[in-house]
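Asks: quick one: sequence plus predicted model below, questions after.
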Amino acid sequence: MSDWMRRVLEGKRETRKRLAALPFSEKLILLEKLRDRSLLIASTTLRQQQLHKG
Amino acid sequence: MKATLAVINQMQADGVIGRYAIGGAVGATFYLEPSATLDIDVFVSFKHDQGSPLVTLAPVYEYLAARGCQAKGEYIIIEGWQVQFLPPGDALGEEALAQAIETQVDAVPTWVMTAEHLVALALQLGRPKDFIRILQFVEAGVLDADKLDQILRRHGLLAKWERFGDRFLRNL
């Protein structure tokens, strides 16, 4: 594994750790944002076309 | 979600449901980083109809429908969130419900399953997304190994855990 990739993975690990350490209330607000984005993506025309293509 | 939990708490205070605990992805979020989910799994001790061993969701649906909530498939929409009410199902589920820990969401009390019970239930379900969640718990280092071992032992999941370990944990 290259140094660059190692740094990327370490950065991701740190971000996950920081997010996990947030208070539950704040994490639930983030969950709501994630849900809203998931619903938005699911409702786009492009996504619908992909689903119909199977 | 705070408003959703407040409605569920009121339903509990009104005697429609007994003890409840949040499981699934939202429960896991208590311990881990948030990950996208569309619904809330709420494990609930239901009241049985007298003389019937069957669990009925009817009182929950009636209570919530009277307050403007709509059913959508296996979910009920409460304050914008799809909520699935689930009976514990077996001894592991009963134990997870009984040992859930109390927390607060902006002064609204609620109950979340322990990390070890969430892992045991995920292992029992055994879908790919459950295995991913177990790995997240392991990597986050939030599990009490002795407690998890006792739960897995009590509920006959040790062999399954060993298979999971052979498959996914060897290179960690």
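Replies: Everything's here; your move.
Asks: looking at this, B:Thr110 is in a strand?
Replies: Yes: remark: B:Thr110 belongs to a strand, assigned using DSSP: H, G, I helix; E, B strand; the rest coil.
Asks: could you report the neighbour count for it?
Replies: The number of residues packed near B:Thr110 is 25, by other CB atoms under 10 Å in any protein chain shown. To be clear about C-beta, it is placed using only N, CA and C from the backbone, and glycine gets the same treatment.
Asks: verify the contact between it and B:Ile101 for me.
Replies: No: with contacts counted by CB atoms under 8 Å, B:Thr110 stays clear of B:Ile101, the gap being 9.9 Å.
Asks: enumerate the residues of chain A near chain B.
Replies: Contacts of chain A with chain B, taken as CB under 8 Å from any CB of the partner chain, map to A:15-17, A:19-20, A:24-25, A:27-28, A:30-32, A:34-35, A:37-39.
Asks: would you mind checking the residues you listed for buried ones?
Replies: The neighbour count (16 or more other CB atoms under 10 Å in any protein chain shown) marks A:16, A:19-20, A:24, A:27-28, A:30-31, A:34-35 as buried among the residues of chain A next to chain B.
Asks: lowest-pLDDT helix or strand in chain A?
Replies: helix A:45-53 (a mean of 75; mean pLDDT, DSSP states H and E).
Asks: who are the packing partners of that one?
Replies: Contacting helix A:45-53 under the criterion 3 or more CB pairs under 8 Å, 6 or more residues apart in numbering or on different chains; DSSP states H and E is no other helix or strand.
Asks: quick one: contacts of it?
Replies: Outside helix A:45-53, the residues within contact range by CB atoms under 8 Å, 6 or more residues apart in numbering or on different chains are A:Ile41.
Asks: give me the buried stretch members for that helix, please.
Replies: Using 16+ other CB under 10 Å as the test for burial, helix A:45-53 gives no buried residues.
Asks: stretch B:137-157 now?
Replies: Under 16+ other CB under 10 Å, the buried positions of stretch B:137-157 are B:137-138, B:140, B:142-143, B:148, B:151-152, B:155, B:157.
Asks: most widely separated two among the residues you listed?
Replies: Largest separation among the buried residues of stretch B:137-157 by CB to CB: B:Ala140 and B:His155, giving 22.4 Å.
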